[in-house]
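*Asks:* Just a sequence and a predicted model for now, questions to come.
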Amino acid sequence: MANYPPDPGASANRYLPPLNNDRRSDRDVPPPQDGRVGGDAEAGTRITVTRAAAMRSREMGSRIYGLVHRAATADGADKSGLTALTWPVMANFAVDAAMGVALANTLFFAAATAESKSKVALYLLITIAPFAVIAPLIGPALDRLQHGRRVALASSFGLRTVLAIVLIANYDGATGSFPSWVLYPCALGMMVLSKSFSVLRSAVTPRVMPPSIDLVRVNSRLTVFGLLGGTIAGGGIAAGVEYAMTRLFGLPGALFVIIAVTLAGAWLSMQIPRWVEVTAGEVPTTLSYHDASDSDTLRRRHDHDTGRKAAPRQPLGRNIITSLWGNCTIKAMVGFLFLYPAFVAKSHDASGLEQLAILGLIGVAAAVGNFAGNFTAARLKLGRPSVLVVRCALAVTTVALATALTGNLFVAAFATLVTSGSSAIAKASLDASLQDDLPEKSRASAFGRSESLLQLAWVFGGAIGVLVYTELWVGFTAITALLIPGLAQTVLSFHGQSLIPGLGGNRPVMVEQEGPRTRDPHPRSQAVTRE
């Protein structure tokens, strides 16, 4: 049974309905009276090796299922709706992994050979440019999406099902490839829909937060479940099916896995509780800030020009802005490391095994760093999260500079390890700032906008990984040139200054709402002001 507080009023999440405690646990179910382990086994049945192996497999499967189920429903997640959100998140990770398997040879590595400028330019156009256009629009669109967030999550899966069917219908078994006019638009659609799901999920997460844990641990839990059940398990299954179906039937098996997972993801998205649709009283957030006198002047001018009251907006405080700048700096490095190592591996006259070793070294470092970062973030006491973000951004910039100076593959792998761990810790610190420094009615909007900015930073880092020359010291010199200004802006924002007027930390830690005040019927608990 989930360890849920007996008093629903103790929850800071006003969107949760009153929760009862009427579910029985497995311990309440009486054991069988006949003493048999299974109801279908007959007394005196001979136990063969095959039957014993089957029984052992069922027992092991039951234990694994029980372990996953207990982890997914812990801390009252089954009642708050967090468990229902966990399964679509795992499905999204699995679709991304399966898509990587399906298009590894036909899209990514075909462009990574850098045999022609046009191929690299086309790859850049397909994978990078659309994110730069779409990412800034997703946050404002979420603010206007008053209902239908579950439908939007399900639609992101449903549209990917259609794209996978289109790819299968145009697959050339003889060459093992797709026509370019089909491949590139479908790959673009898959990537955009995946990023859209991530932003939508960030806006929904505060609505399903259990009372007994905070948003930092909620997001860490979702990430760990996504990596274990989606990326690792789903990617492994997709790779196995791809290998078997390609050899036996000449079909892209990973795309069939995508169809199955996206259909399941669409259904699971609609199982998320209805209270995530409640948007009454929400106040959208804004990155810009005006002091009290400027805000009053602008409000009066707007009212005079339009003849109506301006819509209320919630500016972000200094700690949040600092955390955003630091996370965007780190995310640019993450995007760079996602693309650049493959280009380096394919550009050198190395055997397939050597190329796999290079990518494997970077991939293992990224995976270990990600797990270590999420594990650490879930156990840290984030009393001053902006300080942690500054330190993480400094660590990432330092290892990038070290790799640029040495040009060594093992130093690059260490930089990947540090970057992945720092990214997880910095993201958890950003979540802590959003939870502590914003009223509850603005958190969903803030999570959506912050995720959009992080995706945009990933785009810029990935663009550098595509465009620069494939020598380690050259590539890391280029990304370091981007990280240093980002680190400088992060440090200045922490001290209340800025390189960019209006978008830095020259604002209070706790900022009052701009525009007409809205009364919150469920005031949040007093947060500790952190300087």
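*Replies:* Ah, there it is. Numbering: from 1, shown residues only.

*Asks:* all strands in this protein, in order from the N-terminus.
*Replies:* 285-286, 314-315 (DSSP state E).

*Asks:* Nearest approach to T416 belongs to which of those?
*Replies:* Minimum separation from T416 across those (C-beta to C-beta) falls at strand 285-286, 32.4 Å. In this view, the C-beta of every residue, glycine as well, is placed from N, C-alpha and C.

*Asks:* Which strands border that closest one, and is each parallel or antiparallel?
*Replies:* strand 314-315 (parallel) (DSSP bridges).

*Asks:* picking up where we left off before, please render the strands of the chain as TSV that adds mean neighbour count and mean pLDDT to the earlier fields.
*Replies:* TSV is the format used below for those (neighbours: other C-beta atoms under 10 Å; pLDDT from 0 to 100):
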stretch	mean neighbour count	mean pLDDT
strand 285-286	22	76
strand 314-315	22	78
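
*Asks:* Save the ones you listed as JSON lines, and put in distance to A342 too.
*Replies:* Shown next, in JSON lines, are these (distance: least, C-beta to C-beta, whole Å):
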{"stretch": "strand 285-286", "distance to A342": "36"}
{"stretch": "strand 314-315", "distance to A342": "40"}
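
*Asks:* Just the CA trace of stretch 191-199, in PDB.
*Replies:* Coordinates of each C-alpha in stretch 191-199 appear next as PDB, following Å, rounded to 0.1, in the frame of the first residue of the first chain:
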ATOM      1  CA  MET A 191      11.600  14.600 -33.500                       C
ATOM      2  CA  VAL A 192       9.300  17.500 -33.200                       C
ATOM      3  CA  LEU A 193       6.500  15.400 -31.700                       C
ATOM      4  CA  SER A 194       9.000  13.900 -29.200                       C
ATOM      5  CA  LYS A 195      10.100  17.300 -28.100                       C
ATOM      6  CA  SER A 196       6.500  18.500 -27.900                       C
ATOM      7  CA  PHE A 197       5.600  15.500 -25.700                       C
ATOM      8  CA  SER A 198       8.500  16.500 -23.300                       C
ATOM      9  CA  VAL A 199       7.200  20.100 -23.000                       C
END
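
*Asks:* and it, how far from the chain's centre?
*Replies:* With C-alpha atoms, centre = their mean, to the nearest Å as the basis, stretch 191-199 stands 9 Å off its chain's centre.

*Asks:* Kindly report the same for stretch 245-252.
*Replies:* Here stretch 245-252 shows a centroid-to-chain-centroid distance of 32 Å under the convention C-alpha atoms, centre = their mean.

*Asks:* same deal with stretch 417-433?
*Replies:* Distance, centroid of stretch 417-433 to centroid of chain: 12 Å (C-alpha atoms, centre = their mean).

*Asks:* what mean pLDDT would you report for that stretch?
*Replies:* For stretch 417-433, mean pLDDT is 90.

*Asks:* Check stretch 150-165 too.
*Replies:* Here stretch 150-165 scores 91 as its mean pLDDT.

*Asks:* Could you check it and say which residues are buried?
*Replies:* Using 16 or more other C-beta atoms under 10 Å as the test for burial, stretch 150-165 gives 150, 152-161, 163-164.

*Asks:* Pass me the low-pLDDT residue ranges in the stretch 251-400 of the chain, would you?
*Replies:* Regions of the stretch 251-400 of the chain meeting the criterion pLDDT under 70 cover residues 278-281, 290-311, 346-355, 382.

*Asks:* can we see that at 50?
*Replies:* Applying pLDDT under 50 to the stretch 251-400 of the chain flags the ranges 295, 301, 303-305.

*Asks:* ok so, going back, mark which of the buried residues of stretch 150-165 are part of helices, please.
*Replies:* Those of the buried residues of stretch 150-165 mapping onto helices are 150, 152-161, 163-164, per DSSP state H.

*Asks:* can you tell which of the strands of the chain is closest to G475?
*Replies:* Across the strands of the chain, G475 has its closest neighbour in strand 285-286 (35.1 Å, C-beta to C-beta).

*Asks:* quick one, which of the strands of the chain is nearest to A244?
*Replies:* Among those, strand 285-286 sits nearest to A244 (C-beta to C-beta), with 48.3 Å.

*Asks:* domains of this structure?
*Replies:* Domain assignment for the chain by automatic domain parsing gives 80-280, 286-516.

*Asks:* Let's have those domains in CSV, adding distance to R56.
*Replies:* Putting the domains of the chain into CSV (distance: least, C-beta to C-beta, whole Å) gives the following:
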stretch, distance to R56
domain 80-280, 21
domain 286-516, 29
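
*Asks:* buried sites along stretch 176-194?
*Replies:* For stretch 176-194, burial by neighbour count (16+ other C-beta under 10 Å) applies to 177-178, 183-184, 186-194.

*Asks:* try stretch 381-388
*Replies:* Quick answer for stretch 381-388 (16+ other C-beta under 10 Å): 382, 384-386, 388.

*Asks:* Among those residues, name the ones in helices.
*Replies:* Residues of the buried residues of stretch 381-388 located in helices (DSSP H): 385-386, 388.

*Asks:* which among these gets closest to R313?
*Replies:* For those, the nearest to R313 is S386 (22.1 Å; C-beta to C-beta).

*Asks:* P206 versus the closest one, what's the distance?
*Replies:* Here the distance between S386 and P206 works out to 20 Å (C-beta to C-beta, to the nearest Å).

*Asks:* next one: G504
*Replies:* With C-beta to C-beta as the criterion, G504 and P206 are 26 Å apart.

*Asks:* got it, and S269?
*Replies:* Applying C-beta to C-beta, the value for S269 to P206 is 17 Å.

*Asks:* Show me which of those two is the more surrounded one.
*Replies:* Each of S269 and P206 has its neighbours counted (other C-beta atoms under 10 Å); S269 has more, 29 against 23.

*Asks:* OK, contacts around the nearest residue to A377 once chain neighbours are set aside?
*Replies:* Nearest residue to A377, sequence neighbours excluded (C-beta to C-beta, 6 or more residues apart in numbering): A428, at 3.5 Å. Shown in contact with A428 (C-beta atoms under 8 Å, 6 or more residues apart in numbering): 216, 219-220, 374, 377-378, 380, 382, 385.

*Asks:* Find the pair from those residues with maximum spatial separation.
*Replies:* Farthest pair in the contacts of A428, by C-beta to C-beta: N374 and P385, 15.3 Å.

*Asks:* which residue sits closest to G505, ignoring its sequence neighbours?
*Replies:* S493 (3.3 Å).

*Asks:* got it, and G502?
*Replies:* In space, and not counting its chain neighbours, G502 is closest to S288: 5.1 Å by C-beta to C-beta, 6+ apart.

*Asks:* Surely S288 is in contact with P501?
*Replies:* No. Look at S288 against P501 with C-beta atoms under 8 Å: they stay out of range, at 9.8 Å.

*Asks:* Those two: who's more crowded?
*Replies:* Per other C-beta under 10 Å, whichever of S288 and P501 has more neighbours is S288, with 12 against 8.

*Asks:* For that one, list the residues it contacts.
*Replies:* Going by C-beta under 8 Å, 6+ apart, S288 touches 315, 502-503.

*Asks:* Could you dump those residues into TSV with distance to A478 added?
*Replies:* Shown next, in TSV, are these (distance: C-beta to C-beta, whole Å):
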residue	distance to A478
P315	34
G502	28
L503	24
